[in-house]
Each structure stands twice: as structure tokens, then as C-alpha cells.
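[1] For reference, the sequence and a predicted model appear below.
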Amino acid sequence: MPAAASAMHLNGLTIQPGERVLTRLVISKLPSGTVIDVPVHVLRSAVPGPTVLLMGGMHGDEVNGIETIRRLIRRELLQPLRGSIIAIPILNIYGFLNFSRDVPDGKDVNRSFPGFPRGSLAGRVAHRFMREIMPLIDYGIDFHTGGAARANFPQVRCLLGVDSAIDALAGAFGAPFILHAALRPGSLREAAHKLGKRLIVFETGESLRLDEPGIEEAVAGTLRVLQHLGMGPAAPAPQRPSIVCRRHTWLRARWAGLFRAHVENGQFIEKGQIYGSIADPYGQQAVRLESTVTGYVIGLNHMPVVNQGDALLHVAVPE
């Protein structure tokens, strides 16, 4: 006879197998005295199995991940056949309220792990997550969006070739692109890696803009991951095989001015191909931009006014 699922302890609650609970992690207070708390959905099967984290809003202005998890909850798609799901639509409530990537002290939560209980505000958010959530999970999907005016084509980022379980998780998600991405100091992915937790990042769209195709990719990919882990029913197959890229690079502006792109996200471009132009705002000169690599456009800067060194085009080089 298989072992019975055990109770889960979170935020002072004891959550039994088969229960569905919404709890709130109190982080701090605004200067006005308003309490800031993080809603956490816990959905448990009566059958033992892994625990999967679904998290959005690490950066408060990245709304696509927030909408993905909201949609999964609203459509009642998170009903595990075994194991448990912990769904956090918004981790950085401060940034969400202020349309900002960061918390009010200007720090990035995703560079503040594992955090410190008496540190900066970002460090305190990270520490509370590490204390309450991280010990419970086995796998995770962290949903992100391109920063500033840069839009990402739907893609999974993870450390490839190190852990076969992570490779399989990325493959199961079935995003158009899978990128090898090194661990960044202070990131959630680095903190999870050190503890043996398998976590991938999904990116789509740009800040403060809903990317409908990317959101639907995220929903379908999440369902495929749950199916892969034996936690969900059959999920829709990807429309095309994922393109795996271990190398990717940003093409940057050599001149300042008004940038116009001549390519689209997801498009394949050749080395030497004209991908855009930069013109001065007075109509005196314009410079055509040539790609220095062959690959797929997976990130595109939509900001027309650029300075020297600004990232314009993110190109992934397929294997």
C-alpha cells in the first residue's frame, strides 16, 4: 500500500492532503500603516507526490506571469492528481502597486536571495520566501517578462546539461525556445540550485503590457509540466519543437538616436542582415544596422530613443 501524503506546514497553518487553502504571508507595512501581504494558493491532492511552485510578479511590473497564474486559478486548471501546487501570483506586492520592477528601496528582489530578516526590504521579502516556501517545493516555474521596453519572445531559461531533471522539465514545458542561462548571484534560481530544487524561468512579452500569445504559451506549458510530473491530465502538445540555444547575445547600439527595427520577435536572421536603423532626430543622417550573428530574434527593444550601448536585439544561436 502506498504511503499516505503528509501534512504541509506553511505560515502557521497545517494543510492536510486534499485541501485547498489561500493564506497570506505578511511581509511588512507601508509608511501609512497599511499591511503588505502576499497571497499564496495551496492546492493539494490526497495522493502523495511532488510539490510544484508557480510564481509570478517577482518584478512588480512584469504582468504576464501574474496573468498566467491568475488565469490558471480562475479556469480551475490547478487540481493536482497527486502532490501539491503552491501558486503565488505576485511576490513583489510593492512593485506591483508602484508599477515598478523593484521594491521601494530600489533593490531587486531577484538579486537579494537568500535574503536576511533584518536586511533591506528586498532582502526581507527574499528571506520570508526562503523560510516559508522554498523548503516545501521540489520543482518550480518562475514567470518573468522583458524589462523596460524590451519584449521577449516566449522562452524557457535554465541551466542546461547539469541536471537531467531540469533539462526534462524545460523540454516538457515546450516553449518555442530553450536557452542555457548561467546562474546569477542572488537570484531565486541560484538559491534553488544550491538546495537541489529544480526550477526553470519562463519569459514572454514586456513590462506593463499583456502578451496574449505568450500568456497562452505559459498556460499550456505549465499544464505540460504538470502532466510530465504525473500531476495533471493530458495537456495540449506544443505547436512546434523547442529550439535549444546554448549561446545568445545582445546586439547593442553603437550610436545614439532614434531606433527603428526592421525585424520581428521570433524571426530568423543571417549574419550581415540589416535588422534596423538609427537616425539623428534632426533628419541629417541615418545608419543601417547589420547583424553580427546568425540566429533567432528572441528579444526586441521597442524604445525608439536609444543611447550608445543600449541593448537593441537579443539573438539566440541554435545548436
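    That came through, no problem.

[2] which residues sit in contact with the closest residue in space to Leu251 that isn't next to it in sequence?
    Spatially, and ignoring its direct neighbours in sequence, Leu251 is nearest to Leu313 (4.3 Å; C-beta to C-beta, 6 or more residues apart in numbering). The C-beta positions use only the backbone N, C-alpha and C, and glycine is treated the same way. Contacts for Leu313 (C-beta atoms under 8 Å, 6 or more residues apart in numbering) come out as Trp250, Leu251, Ala261, Val263, Tyr275, Gly276, Ser291, Val297, Gly299, Leu300, Asn301.

[3] Wasn't Leu313 part of a helix?
    No. Counting by DSSP: H, G, I helix; E, B strand; the rest coil, Leu313 is not found in a helix; it is strand.

[4] could you measure Ala234 against Arg124, distance?
    As defined by C-beta to C-beta, to the nearest Å, Ala234 lies at a distance of 42 Å from Arg124.

[5] higher neighbour count, these two?
    When Ala234 and Arg124 are compared for neighbours, Arg124 comes out ahead with 20 against 8, by other C-beta atoms under 10 Å.

[6] So the more buried one, which state does it fall into?
    On the basis of three-state DSSP, Arg124 is classed as helix.

[7] State the distance from it to Phe113.
    12 Å.

[8] What of Gly283?
    Taking C-beta to C-beta, one finds Gly283 at 49 Å from Phe113.

[9] of the two, who's got more company?
    Phe113 (24 against 7).

[10] and the nearest residue to Ala182 once chain neighbours are set aside, what pLDDT?
    In space, and not counting its chain neighbours, Ala182 is closest to Leu159: 7.0 Å by C-beta to C-beta, 6+ apart. Note for Leu159: predicted pLDDT of 97.

[11] Just the endpoints, please. Distance across stretch 155-172?
    End-to-end distance for stretch 155-172: 13 Å, by C-alpha to C-alpha, to the nearest Å.

[12] ah, wrong one, I meant stretch 184-193
    End-to-end for stretch 184-193, by C-alpha to C-alpha: 11 Å.

[13] What average pLDDT does it get?
    98.

[14] what does stretch 304-314 give?
    97.

[15] Next, the buried residues of it.
    Val306, Asp310, Ala311, Leu312, Leu313, His314 (16 or more other C-beta atoms under 10 Å).

[16] Kindly report the same for stretch 37-46.
    Quick answer for stretch 37-46 (16+ other C-beta under 10 Å): Val38, Val40, His41, Val42, Leu43, Arg44, Ser45.

[17] returning to that earlier point: I'd like to know which of the contacts of Leu313 are buried.
    Leu251, Ala261, Val263, Tyr275, Gly276, Ser291, Val297, Gly299, Leu300, Asn301.

[18] closest to Gly230 among those?
    Gly299 (33.8 Å; C-beta to C-beta).

[19] quick one, what contacts the closest residue to that closest one other than its chain neighbours?
    Once flanking residues are discounted, Gly299 sits nearest to His314: 2.8 Å by C-beta to C-beta, 6+ apart. Residues near His314 by C-beta under 8 Å, 6+ apart: Arg150, Asn152, His248, Thr249, Trp250, Leu251, Val297, Ile298, Gly299, Leu300.

[20] Any chance of a markdown table for the contacts of Leu313, columns distance to Ser6, secondary structure and pLDDT?
    Converted to a markdown table, those look like this (distance: C-beta to C-beta, whole Å; DSSP: H, G, I helix; E, B strand; the rest coil; pLDDT from 0 to 100):
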| residue | distance to Ser6 | secondary structure | pLDDT |
| --- | --- | --- | --- |
| Trp250 | 46 | strand | 97 |
| Leu251 | 51 | strand | 98 |
| Ala261 | 53 | strand | 98 |
| Val263 | 52 | coil | 98 |
| Tyr275 | 54 | strand | 98 |
| Gly276 | 56 | strand | 98 |
| Ser291 | 54 | coil | 98 |
| Val297 | 47 | strand | 98 |
| Gly299 | 43 | strand | 98 |
| Leu300 | 47 | strand | 98 |
| Asn301 | 49 | strand | 98 |
